[in-house]
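In: how would this look folded up:
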Amino acid sequence: MIKNNRTSILDGSVWQLNSRKGRLVGTDQHGNEYYENTKYQQGRSRWVKYKDLDDYNPANVPREWHQWLHYISDEPDLTQEIKYEIPAIHVKLSKQFGAVASNEPRYYPKGHFFNKKGIKDWKKYGAWSPP
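Out: Residues are numbered from 1 along each chain as shown. Now for the predicted structure:
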């Protein structure tokens, strides 16, 4: 059995050819390495080499490295403390959604479970008659 990157050909995985060469910019807390080579085509000159090649998750790239990979920032800002702002959401629901607790009668369309006005007295469909 031939193995490459701790995976075998028999399980259907594809070999990875590591032909890229670049400058190591840094590593993150997960052990992923980030590289850059400015001689490559614009948009393809930054990449990440994941620590665990068999079971990697791109969603685990930290925010500062994601910004750097996608050219949002020129340098990863590792010294800045990350402060997440919680947006203030003021939601005012209208009366029809039951946001106001009151004794006012609510409107329920005919056929609704809470419409207690009696038996269903309408037809599902009717023949059209011209006016």
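
In: Please enumerate the helices of this protein.
Out: Residue ranges of the helices in the chain, as given by DSSP state H, are 63-69.

In: Tell me which stretches of it form strands.
Out: All strands of the chain, identified by DSSP state E, fall at 3-4, 7-8, 23-27, 33-36, 46-49.

In: could you redo those as a markdown table and give each row distance to Lys117 and mean pLDDT?
Out: The C-beta positions use only the backbone N, C-alpha and C, and glycine is treated the same way. Below are those laid out as a markdown table (distance: least, Cβ to Cβ, whole Å; pLDDT from 0 to 100):
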| stretch | distance to Lys117 | mean pLDDT |
| --- | --- | --- |
| strand 3-4 | 73 | 44 |
| strand 7-8 | 67 | 46 |
| strand 23-27 | 69 | 91 |
| strand 33-36 | 67 | 91 |
| strand 46-49 | 64 | 89 |
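
In: Would you convert the ones you listed into a markdown table that also reports mean neighbour count?
Out: Output for those, formatted as a markdown table (neighbours: other Cβ atoms under 10 Å):
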| stretch | mean neighbour count |
| --- | --- |
| strand 3-4 | 11 |
| strand 7-8 | 14 |
| strand 23-27 | 13 |
| strand 33-36 | 16 |
| strand 46-49 | 17 |
